[in-house]
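J.: 3D, please:
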Amino acid sequence: MSTRSGNPRDTAGTAGTADYEERLGAFVGRELTPLTPGQDPVNQPMIRHWAEAMGDTNPVYTDEAAARATGRPGVVAPASMVQAWTMRGYAATVSPPPERRRSDELVDLLGEGGYTSVVATDSELEFTRELVPGDHVAVREVVESVSPEKRTRLGAGRFVTTVRTYRDQDGEVVATQRWRTLRFRPAATPDTTPEPDTTTTAADPDPTTAPDAVDPAGAERAAAAPARAEPRALRPRPALNGDNAFWFEAAREHRLVIQRCLSCAATRHPPGPCCPHCGSFEWDTVRASGRGHVHSFTVNHHPRHPAFDYPLVVALVELAEGTRLITNLTGVAPEDVTIDMPVVLDWLDADPDLSLPVFRPVASENR
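T.: Below is the predicted model of the structure:
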């Protein structure tokens, strides 16, 4: 997710001055969000909704007996929900209160330096204990660091790292989160202003003003020469390791495979070393049929990467075999994508070293 505002070229000159660096550095250690309780305590309905949305069937989140069988006193909340309990909600997001927050001051200062776009880069969470229904979580956020300006493919920018500390109703720490974003100056848009037309016309009889007056043959050759296209940027490389390399190797051969547990026959994706159902480390693969449907999707507009065409449809496709994978949709306009739309496998040969599965709508006559 990213945002953009203003014209970075109007203010970029501020960044790098001693005064600007001093003001930016003064934010390190400052509290952005005082300890603020979430709107609601931890509760079973929200846990259930989260588990359903994530496809997480672990019974300790919804079944009291199953949770007690594991030694817990009752159901618990998924650990990754900790941030959700303190989010301010839809209404406050679309119609924020008039008073300015301390984080607004930091955003304004970064905007003064031309860093008007933002993209989240990573989030590191450490959990102290599991949350249970009835817990009331509060969060406090402090700026840990603001990096010097770095050159990235998105543009020159600074990594801003904050630490969020989550506490329960008794003030005890239940989790900490190190949250890092890149605040960057968008690369300048190429100038598309058309060149003035200097072609000789009847109203301009002077032949010396014609572009091909000096060398007509040279002008003819230039007109016939094909325009030189800039080489397309490569797609970001996948983070290969011993657990997922087999999947990308199969994709290079245009085979979409699914990891399968040899002990309980459960399929899983993304690939991993251990079966989440029975704990077995023994596995093989099955080849997917290539058919599925759109379980969910989003349309990305920013931040823009030169290897992609925008708007970019990113979909969570549920395969006929039951597993889901994040992929791109092709051959369909963003406004025509629908939930549960049948799709079929296609292949994108991004470059000689990278082939990826993409999906296109099933032709209506084949549905």
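
J.: Report how many residues lie close to the nearest residue to residue 75 once chain neighbours are set aside.
T.: Spatial nearest neighbour of residue 75, excluding adjacent residues (CB to CB, 6 or more residues apart in numbering): residue 67 at 4.8 Å. Yep, even glycine has a C-beta here, placed from its N, CA and C like the rest. Applying other CB atoms under 10 Å, we find 20 other residues in the vicinity of residue 67.

J.: Next: residue 24.
T.: Residues near residue 24, counting by other CB under 10 Å, number 20.

J.: Would you mind confirming that it makes contact with residue 109?
T.: Yes - using CB atoms under 8 Å, residue 24 is in contact with residue 109, at 6.1 Å.

J.: where do the helices sit along the stretch 101-250 of the chain?
T.: Assigned by DSSP state H, counting those that start in this stretch, the stretch 101-250 of the chain shows helices spanning 102-112, 216-224, 245-252.

J.: How about the stretch 251-367 of the chain?
T.: Going by DSSP H, counting those that start in this stretch, the stretch 251-367 of the chain shows no helices.

J.: Okay, now the unreliable bits of this structure?
T.: Filtered on pLDDT under 70, the chain yields the residue ranges 1-15, 188-230, 364-367.

J.: give the contact list for residue 160.
T.: For residue 160, the residues meeting the contact criterion (CB atoms under 8 Å, 6 or more residues apart in numbering) are 106, 110, 143, 145, 146, 147, 180, 181, 182, 183.

J.: Please report the distance of residue 267 from residue 342.
T.: Distance, residue 267 to residue 342, by CB to CB, to the nearest Å: 20 Å.

J.: What of residue 24?
T.: 51 Å.

J.: Residue 114 now?
T.: 46 Å.

J.: Between the two, which is the more surrounded one?
T.: In this view residue 114 and residue 342 are compared by other CB under 10 Å, and residue 114 has more residues nearby, 25 against 16.

J.: Surely that one touches residue 185?
T.: Yes - counting by CB under 8 Å, residue 185 is a contact partner of residue 114 at 4.3 Å.

J.: Now that the residue nearest to residue 75 has come up, it's in contact with residue 59, right?
T.: Yes - counting by CB under 8 Å, residue 59 is a contact partner of residue 67 at 7.2 Å.

J.: Buried ones in stretch 336-345, by neighbour count?
T.: 337, 341, 342, 343, 345 (16 or more other CB atoms under 10 Å).

J.: Please apply the same query to stretch 127-145.
T.: 130, 131, 132, 135, 136, 137, 138, 139, 140, 141, 143, 145.

J.: Need the nearest residue in space to the first one, chain neighbours excluded.
T.: I take that to be residue 130. Computed as CB to CB, 6+ apart, the closest residue to residue 130 that is not its neighbour in sequence is residue 76, at 4.2 Å.

J.: which residues touch that neighbour?
T.: 60, 61, 67, 130, 131, 132.

J.: Quickly note the distance from residue 138 to residue 358.
T.: Applying CB to CB to residue 138 and residue 358 gives a distance of 43 Å.

J.: next one: residue 39
T.: 40 Å.

J.: and if you look at residue 252?
T.: The value you get for residue 252 to residue 358, if CB to CB is used, is 14 Å.

J.: Check residue 318 too.
T.: Note on residue 318: its distance to residue 358, by CB to CB, is 15 Å.

J.: for residue 44, same thing?
T.: 39 Å.

J.: Ok, residue 315 next?
T.: 9 Å.

J.: which residues are common contacts for the two?
T.: 327, 328, 329.

J.: Show me what the closest residue to the second one other than its chain neighbours is bridged to.
T.: What sits nearest to residue 328 in space, not counting adjacent residues and going by CB to CB, 6+ apart, is residue 358, at 4.7 Å. Taking DSSP bridges as the rule, residue 358 bridges to residue 346.

J.: Could you pull up the contacting residues of residue 358?
T.: Taking CB under 8 Å, 6+ apart as the test, what residue 358 contacts is 327, 328, 329, 330, 345, 346, 347, 348.

J.: ok, of these, which one's closest to residue 262?
T.: Distance to residue 262 across the contacts of residue 358 (CB to CB) is lowest for residue 345, with 25.0 Å.
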